[in-house]
Structures are given as C-alpha cells and as structure tokens.
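*Asks:* Return a 3D structure for these sequence lines:
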Amino acid sequence: MSAVDIDKINAQAAAARLRDAAAGVPAPSAAKSNGATPPNDGIQAAPPSQMRKEHASAQEWAKSARDAIADPAARKVVRDTILVMQAAEGELAKRDALFRGAIALEQFNDRVAEDLLAEAACERLWQFFDVPGADDPEASLHEAVTDTIGRGLEEARERRSKQEEERSRGARWQGGEQKAHTDIRDRKRDQDRKPGAWRDNVIDPQKLCDERFPEVKYVVPGIFPEGVILLASRPKLGKSWLILQTSAAVATGRVTLVASDNPVQGDVLYLALEDTPRRLQRRLTKYFGAQRDNWPARLKMATKWQRLDQGGIEDLREWCKSVDKPTLIAVDTLKKVRKPKGRNQSDYDADYEACEGLMELAKEFPGLSIMVAHHDRKMEAEDVFDTVSGTLGLTGGVDTIAILKRSAKGVTLHVEGRDLVDAVEKAISFDRDTCRWMILGEAAEVQRSDERKRVFAAIADLPDGLAVSEIQVAAQLGTRGAADMLLSRMVQHGEIIRAGRGRYSLPQYVREKREKDQEYGGNPAKPHTPAHTPASNASNAHSASDHTPASDFLRWALEPGRRLVRDIEESARAEGLLGERQRIDNAKSFQLAKKALGVVVEREGFGLGSKVFWRLPGGPGQDHAQTDGDPAQAAAREPEPD
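*Replies:* Okay, the predicted model is just below:
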C-alpha cells in the first residue's frame, strides 16, 4: 500500500471521528475499528501530488498542537481537522471540514486551540484567495476563516442550549404531571423578589434640571469624545495609523490633530488584532523611531484577544481596574472580537449587539473612550454615514461615528456623535514620512474648487449680493449656462443663498437682513410667491399667467435678448422654478407664461446639432437670424409656431 493510500485512509478515519465529535457521539477507538476503512463522509480526496506536498506541513502542525494545546482531546480534534482539510479538494470542502472541526472544538473552550486551527486553515485556504486582481486577499482570507470557525462555535452552543433545555423540560415532569414555568410566573417571581424596582429608573425632570454633570471628556478635543467611537474607512486608507497616532498622543500626553493647552494623558490599550508581533514592531519603529526610550510606557498592546462574548469584555474590565487612569481602548478591528450572528438572529440585532458590551464598559468607567476600527462598503450613499458596512444597528449602537473618506478633492474626516454639538468635516492629509495625519482645515473651505472660491470673493463684502451676469464677469465663469449651473449647485450645498430675483449673496447677510426686518416690524418680500391658479375662462387665464413667477422669470431672462433654451432651463433650476430633471417645455407654468408673453422660438441648424432659442417679440436677437443667402438656413431659422 502506497503512502498516498495510507494518507487517504487516515483522512477518512479523521473525517469519521470529526463527524462523530461534531454530532456528540464518542469516537471509536483504534482497537474497535479492526482496521476497517471508515465511510468517506462525502470528502473527495485531493490529488496525490497535493497530499504529498501538504503531508510534511500537517506533521509540523501536529507537532505545534502537541506543544501548545494542553488537552489531548482538543489536540486530536485539531489534528483531525487539519488532516481532513488536507485531503479535501476545493474551497467549499475544506471550509466544511473547518466548520465541523470548530463544532467539535467548542466544548473545550480552548482559545489557543482555536487560534492554531485558524492559522492552519489559512495556510490551506490561501491558494483560493491569492488570485490575480483580488482586493486585499489576506483580509478576505482571515475574514472567511474567522467567519467559518465562528459559525461552527455558535452552532455548537445552540445545540448544547437545546439539549439543556430538553433535559430541563424532562426534569420538570413529576408523577406524569408537568409543572408550568411560564414567562408570566417568572416575571411575577422577579417582581416579588424586587418590589418597586422600576421606581429606581424613573427620572424626575425637575430634579434633572438642577442636576450638574461633569463636562464631556475628549481624547482629541472636539473630535473624539468619551464613549464608543466607530472609525470606518476603506481598507489600507490609514485608519490604523490614525488609531496609533491617537493612542500614542494619549499615552504621552501630547497634542495631536487639534491644538490644545491641556492635552489628555492616561493609560491606553491597543488591540492590533490584524497584526503579528513582527509587523507591529515594524509599524512602531517607523512611528516612534529605533530609540527604545521614545516608545511610551503607558501604551500597552496585544495581537490576540478573546471575543467579547467569550470573556473579552471581562478582560477589558480587568485591565481598566489594573491601571491608574484608563483613558483609551483601541480595537483594530471589530470583526476580530464581535460575537458571530446567531442562526435565528436578524442582521440588525446582530449589528446592534456587536458593541453593546463595549457601551456598558464605557459607562462603567467615565472618561473612557473605546475606538473600534471597521470597514465601509463599496457602494456610495448620499449620506456618508450610510456607507458603513452593515445595517443601521451598527451605527445606532455606538456613541460616535467617524469616517475617513477619500474623493477627488482629498481625504475628509467626517465625525458625528451624541455628545458632539456640531458634526465635524475636516480635510486631512497623511504624511508618509512621519506616518501622521494632519488636519488642513474645514473640508468645505480646503476642498472648494477655484471657481467657487472666485464666487465667494466676488460677493464676500456685498450684503445685497450680485446678479448672475455680474458674478459671471467677476468670477470669470465663462458662459451664462455654466454660471447658472455652478450657482445652483452652491445653493443646494448651502454655500450661498438667493437674495432676490437673479441675485445671490452669502447666507449670513440674508439672515442678518431678515432678522433686522423682523426687529423693526418690517415685512420682507419673499423671493418667490406662490403661482396664481389660472381661471376657468381664457381671458382670466391669460391675465393671471402674465404675473406668475414663470412669466416674471421669462421676462427677466429674455430682456437682454434671445437665449438658448438649455441656458434658460439652468437659470430656472437655479431659481427653484424647475426640478433637477424637468424640461421647461413640459412645465405647465412655463407653457402658460410662454403663451402669455408671446415668446418667439427660433431654431438654427438641423438634427442633433441644432440649437433652439427663445426671445421676446420685438426684442433684440433678430440680427442673429441672418441667412447669408442660404435658403435652407433661412427656412430653418424662421420662428416656430406655438
């Protein structure tokens, strides 16, 4: 019998033992097997060359298991899982073996065994992730292995819970009669045990009014307050450097990102769970330098930590009690410590509970900030905070949300939280030489385009604002259509405001003018009045439509002369008279205004390249209709009938 056949038989025997262990059945001993080949259990053997290639590696992992895992039964489960994964062919078959191994391993509650199994699984699954064009294959591999092991452990816990529930249900039978233990009676028993407990949680508003609370503490003034902070960004954008920079500043009591006369200083725990000690040393050397004295003593680090639902919260609480001033806990990343989703649990509930233990810990230690790294999704959203990977339960279950977002204008730090008075939007830049982030200023000011800066400069000192044509000349905006489009977007972004018909000003000037008018009892005219409803008869309809906002706008827009229809549409959108995608020809108000004013329609050219102009009757623009002796163009430029 060849070595390959022996490896195949050993793998099949390991698969049978793994299957029985996962099902809760004791594995048969070697004496009882009598050398019989166990069932294949659905495993397709890998090619002989692959089995020979991984055989030596399996022996090395077995030796590592003997050295690291104290429980012989747990060592056996790890060894069997590695053998089955070695013999299995394909990613799904190997992950199925890993899933069964995690189920069998859960009963030992051995984190060292779980970590060893995860490392062995990464080695056997790497070939399926290391493909050309893959986006961060290492992170994807670790996420797949962690998810598979987590689902296996959760499956085992659910099975044990059901078994205990069945045993408890069976123990309640006495003399053929079942004792009812309903939720109502359980709640009544709790109420009897703690009468009036609800009264302790009721807050009197009048007493609350007189209560004095300490001010909110920050690790970075005005940006990162106490509580749980979820920091999200695209992979490799630099959030780990930002976490390290914040951690180092707190541990040394130095200023970072924002100037402060009294920077906070305290003890810091940094969980770099995606790094190895070698990689962590290289990162810290690049940040602090090679001198040992420059490395902060109040900064403690770890590359391994228990999951939050498996004692991780208790370990964090113990660390907080062991230091003088617990100020910052950094977790990089959330995926490494969060509880896996339950089988019957919704995505929202799982996301909301992901940071629930950290929230309770932050409340237990006032002044403690817990910064948790996370990823955002690939799909963009209108609200930048909706780009966080996961459901709204994740962002709703933390105190503060911070997002690093890269765009064509640069990187922006968006921060929004329960303890922040105003949302933060800072333009920031990463210095690769010092490995530090720097705040450049407010994102709206730093990342503003040159055209918008020229618009601001043109209307900066003019409370009454300027007309579009004046802004077009002063800001050098080119065509009238381009000016209308830019001003419309600036109004939508809240950068400028309409001060009247065709006039734009800065928001503070308009607000000051309205407040002054209200103070002296004035009644400022509204920039836009509601459109009049056309009467039923034609004469009244014509008279009413002559004084609508649409007719007033057309009279103002066409007074200088004829204009392209697309430019008129942009101006109407800038004035709020047309929707973003609405055509002026389809707007009822403009149809009536056009008819009431007798607007003349002129066309130049044929087909897709033709241009359509509007002008008032008898107004400037007829000189543009010269035909140069071309009868075809003369026919094309004749006014179109309404």
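*Asks:* contacts, neighbours, all on C-alpha from now
*Replies:* OK.
*Asks:* Distance of the spatially closest residue to L280 that is not a sequence neighbour relative to T387?
*Replies:* Of all residues not flanking L280 in the chain, A272 sits nearest, at 7.7 Å (Cα to Cα, 6 or more residues apart in numbering). Separation of A272 from T387 (Cα to Cα, to the nearest Å) stands at 24 Å.
*Asks:* okay, these two: which has more neighbours?
*Replies:* A272 (23 against 20; other Cα atoms under 10 Å).
*Asks:* Just give the number of residues close to L420.
*Replies:* Neighbour number of L420 under other Cα under 10 Å is 16.
*Asks:* pretty sure it contacts E226?
*Replies:* No: L420 lies out of contact with E226 (Cα atoms under 8 Å); the separation is 10.5 Å.
*Asks:* if we can go back for a sec, is it correct that the residue nearest to L280 is in contact with V331?
*Replies:* Yes: using Cα under 8 Å, A272 is in contact with V331, at 6.7 Å.
*Asks:* what's the weakest-modelled helix or strand in this protein?
*Replies:* helix 30-33 (a mean of 35; mean pLDDT, DSSP states H and E).
*Asks:* got the contact list for the helix or strand hosting V372?
*Replies:* Following DSSP states H and E, one finds V372 within strand 369-375. Identification of contacts with strand 369-375 by Cα atoms under 8 Å, 6 or more residues apart in numbering yields 218-219, 225-235, 239-240, 243, 327-335, 358, 362, 388-389.
*Asks:* And stretch 137-150, by the same measure?
*Replies:* Applying Cα under 8 Å, 6+ apart, the set of residues contacting stretch 137-150 is 95, 98-99, 102, 118, 121-122, 125-126, 129-131, 335-336, 340.
*Asks:* Quick check: the most centrally placed residue in the chain vs A139, distance?
*Replies:* In the chain, the residue lying closest to the centroid (Cα atoms, centre = their mean) is V388, at 1.3 Å. Distance, V388 to A139, using Cα to Cα: 17 Å.
*Asks:* can you check P507 too?
*Replies:* P507 is 47 Å from A139, by Cα to Cα.
*Asks:* can you check L308 too?
*Replies:* From L308 to A139 the distance is 20 Å (Cα to Cα).
*Asks:* Compare these two (neighbour count), which wins?
*Replies:* Between L308 and A139, L308 has the larger neighbour count (other Cα under 10 Å), namely 21 against 12.
*Asks:* thinking the more buried one is in contact with L334, fair?
*Replies:* No: look at L308 against L334 with Cα under 8 Å: they stay out of range, at 9.9 Å.
*Asks:* Based on its surroundings, how many neighbours for G312?
*Replies:* Neighbour tally, G312, other Cα under 10 Å: 17.
*Asks:* Which residues are in contact with it?
*Replies:* G312 neighbours (Cα under 8 Å, 6+ apart): 305-306, 337.
*Asks:* in this protein, what spans have low per-residue confidence?
*Replies:* Across the chain, the ranges flagged by pLDDT under 70 are 1-11, 18, 20-66, 131, 133-135, 166-196, 509-547, 606-608, 619-642.
*Asks:* Check for me that T412 belongs to a helix.
*Replies:* No: T412 is assigned strand when assessed by DSSP: H, G, I helix; E, B strand; the rest coil, not a helix.
*Asks:* hang on, it packs against K405?
*Replies:* Yes: T412 lies in contact with K405 (Cα under 8 Å); the separation is 5.3 Å.
*Asks:* Which of these two has more residues huddled nearby?
*Replies:* T412 (24 against 19).
*Asks:* ok, that one to A427 distance?
*Replies:* From T412 to A427 the distance is 5 Å (Cα to Cα).
*Asks:* next one: R298
*Replies:* With distances taken as Cα to Cα, R298 is found 30 Å from A427.
*Asks:* again, but for K325
*Replies:* Note on K325: its distance to A427, by Cα to Cα, is 32 Å.
*Asks:* close enough to count as contact, L404 and P235?
*Replies:* No: the pair L404 / P235 is not scored as a contact, 10.4 Å apart, by Cα under 8 Å.
*Asks:* which one of the two has more residues nearby?
*Replies:* A side-by-side neighbour count of L404 and P235, using other Cα under 10 Å, places L404 first with 24 against 14.
*Asks:* quick one: secondary structure of that one?
*Replies:* What three-state DSSP gives for L404 is strand.
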